[in-house]
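Trainee: Need coordinates for the below:
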Amino acid sequence: MGKAVLPWQKHWQGMLADYVTSLQWSADGSTLAAASAAGEVVLWQDKAAEKLHYLEPDSEESIDVLSFSSDSQFLAASGSAGAVKIWQLSGQKAEVIATLKSERAWIDKLAWSPTENLLAYSPEKQVCLWDLETKETVITLDFDQSSVLALAWHPSGEYLAVAGNQGVKIWDARDWQEDPYCLEIPSVSVAVAWSPEGQYLAAGNMDSSLVVVDIKNPHPWVMRGFYGKVRQLAWCDRPTVLGTPLLAACHAESIAVWEKQFGPNAGWDAWELEGHSALVQAIGFQPNTFHLASAAEDGQLYIWRDAEQVWQLLEGAPDGFSTLALHPQGKAIAAAGVSGELIIWFKSTAGKGFSP
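Mentor: Numbers count the residues shown, from 1 in each chain. As a prediction, this is how the structure comes out:
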């Protein structure tokens, strides 16, 4: 018998100088951006001799968050220096077109709108909306209760969800002056994510709970029993056989997968994925499949077939993984380590080992 073909094959590996804090693919899948605690911002492009292209030299200020614009032409980055830097990308060339400075230090949450070049970023208890076309701040939103701990745009770009102490506020982008809808949670919300079609909003919380709300129904579902705070959320972009959504949540060393049952008032059923021996740092579904990737501080990256059982183990960060990012067309997985490792696996083209 021939040797079995593994679903994912290592394609490239490199190193940054320190802990990799953020990893993002552009929407068109042509570019991977990575940032580190050493202040690096680098680009990797498969067609550019597969080398890292440094946008930002090493510094004493960490870069903690990256975001590509929906047209893949602009990259925003920020961190402990309290400034947002924006590059315009053209092939391997990158030009700084704006630097947004704030008197409030440390900006570690930012996100471009999915429908226009409008950037949301969060200095402490505020969210600033900056318009690329006018190069001006459109409005500053006050979260009030705490520093902003998570941001998420609705897939249509019509709403912006902002999370922190006491829950989530949702602003209507069609009228920023209107009071936000408040999803009150008696805890601190540290993760927030919209479902792909935009009907559901999930919030992961410090009190080991998960709250999901249907925008057509004001009464949320509250899930409990997690081993620790719900650190990160990932929606599958494909409905289940019931035609309902699938949501994964990582907590401590484990991952819970929740499937909505059929009917508007039906609840959610869950199962647990256990196998990691240290904190799960990042999760994500492969686009247009039910396959889930999870990266942890134990130095293991699992591929869970149909979000149920381990299919493949990927390694390469012996001191532990810090984050991962799945290619938007599903052809690659990128992951990074606490010691600066940056690794890219490509989907195998041999046989049909990884077909949806």
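Trainee: Who does the least confident helix or strand in the chain by mean pLDDT pair with, and is each partner parallel or antiparallel?
Mentor: Using mean pLDDT, DSSP states H and E, the weakest-scoring helix or strand in the chain turns out to be strand 52-56, at a mean of 86. Paired neighbours of strand 52-56 in the sheet (DSSP bridges): strand 41-44 (antiparallel).
Trainee: And the contacts of the strand it pairs with?
Mentor: 12, 14, 16, 31-35, 50-56, 63, 66, 75, 77, 85, 89, 92, 94, 334, 342, 344 (CB atoms under 8 Å, 6 or more residues apart in numbering). The way it works is simple: take the backbone N, C-alpha and C, and place the C-beta from them, glycine included.
Trainee: how distant is it from the center of its chain?
Mentor: 17 Å (CA atoms, centre = their mean, to the nearest Å).
Trainee: just to revisit the earlier point, which of the contacts of strand 41-44 fall in strands?
Mentor: Under the assignment DSSP state E, the contacts of strand 41-44 contribute 12, 14, 32-35, 52-56, 63, 66, 75, 77, 85, 89, 94, 334, 342, 344 to strands.
Trainee: filter these to the buried ones?
Mentor: 12, 14, 32-35, 52-53, 55-56, 63, 66, 75, 77, 85, 89, 94, 334, 342, 344 (16 or more other CB atoms under 10 Å).
Trainee: surely Arg224 meets Asn205?
Mentor: No: with contacts counted by CB atoms under 8 Å, Arg224 stays clear of Asn205, the gap being 9.8 Å.
Trainee: Looking at those two, which is more packed in?
Mentor: Taking neighbours as other CB atoms under 10 Å, Arg224 and Asn205 compare with Asn205 leading, 24 against 9.
Trainee: residues in contact with the more buried one?
Mentor: So, once contact is read as CB under 8 Å, 6+ apart, Asn205 ends up touching Ile185, Ser187, Val188, Ser189, Val190, Val211, Lys229, Val230.
Trainee: now the helices for this structure?
Mentor: Using DSSP state H, the chain contains no helices.
Trainee: residue ranges with poor pLDDT in it?
Mentor: Applying pLDDT under 70 to the chain flags residues 1-5, 48-50, 57-59, 104, 350-356.
Trainee: on that earlier part again, need the contacts of Asn205 in TSV (columns: distance to Trp268).
Mentor: Output for the contacts of Asn205, formatted as TSV (distance: CB to CB, whole Å):
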residue	distance to Trp268
Ile185	17
Ser187	19
Val188	22
Ser189	18
Val190	20
Val211	11
Lys229	19
Val230	14
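Trainee: Kindly indicate the member of those with the most neighbours.
Mentor: Ser189 leads the contacts of Asn205 on contacts (other CB under 10 Å) with 30 neighbours.
Trainee: quick one, what contacts that residue?
Mentor: Contacts of Ser189 (CB under 8 Å, 6+ apart): Leu149, Ala150, Ala163, Gly164, Asn165, Gly167, Val168, Ala203, Gly204, Asn205, Met206, Val211.
Trainee: gap between the closest residue to it other than its chain neighbours and Lys47?
Mentor: Nearest residue to Ser189, sequence neighbours excluded (CB to CB, 6 or more residues apart in numbering): Ala163, at 3.8 Å. Separation of Ala163 from Lys47 (CB to CB, to the nearest Å) stands at 37 Å.
Trainee: So which of the two has more stuff around it?
Mentor: Neighbours were counted for Ala163 and for Lys47 using other CB under 10 Å; Ala163 has more, 29 against 9.
Trainee: Okay, Gly228 and Trp235: tell me how far apart.
Mentor: Relative to Trp235, and taking CB to CB, Gly228 is found at 21 Å.
Trainee: between the two, who's got more neighbours?
Mentor: Just comparing Gly228 and Trp235: by other CB under 10 Å the higher neighbour count belongs to Trp235, 18 against 14.
Trainee: so what's that one closest to, chain neighbours aside?
Mentor: In space, Trp235 is closest to Ser195, 4.8 Å off (CB to CB, 6+ apart).
Trainee: With Leu314 instead?
Mentor: Here the residue nearest Leu314, using CB to CB, 6+ apart, is Leu301, at 4.1 Å.
Trainee: Make sure that neighbour is actually in contact with Leu313.
Mentor: Yes: Leu301 is in contact with Leu313 according to CB under 8 Å; the separation is 7.2 Å.
Trainee: Comparing these two, which residue is more hemmed in?
Mentor: Set Leu301 next to Leu313 and count neighbours by other CB under 10 Å: Leu301 wins out with 25 against 12.
Trainee: need the contact list for His276.
Mentor: Glu253, Ser254, Ser294, Ala296, Asp298, Gln300, Tyr302.
Trainee: Now for the closest residue to it other than its chain neighbours, how many residues are close by?
Mentor: Spatially, and ignoring its direct neighbours in sequence, His276 is nearest to Ala296 (4.2 Å; CB to CB, 6+ apart). Ala296 has 26 neighbours, counted by other CB under 10 Å.
Trainee: Going forward, count from 39.
Mentor: In the new numbering, first residue 39, that becomes Ala334.
Trainee: any idea how far Phe359 is from Ala334?
Mentor: The value you get for Ala334 to Phe359, if CB to CB is used, is 6 Å.
Trainee: Show me whatever sits in contact with both of those two.
Mentor: Gln319.
Trainee: Compute the distance between the closest residue to Gly266 other than its chain neighbours and Gln270, please.
Mentor: Among residues not flanking Gly266 along the chain, Ala290 sits closest, at 3.9 Å (CB to CB, 6+ apart). Here Ala290 is placed at a distance of 12 Å from Gln270 (CB to CB).
Trainee: Those two - which one has more neighbours?
Mentor: More neighbours surround Gln270 than the other of Ala290 and Gln270, with 21 against 16 (other CB under 10 Å).
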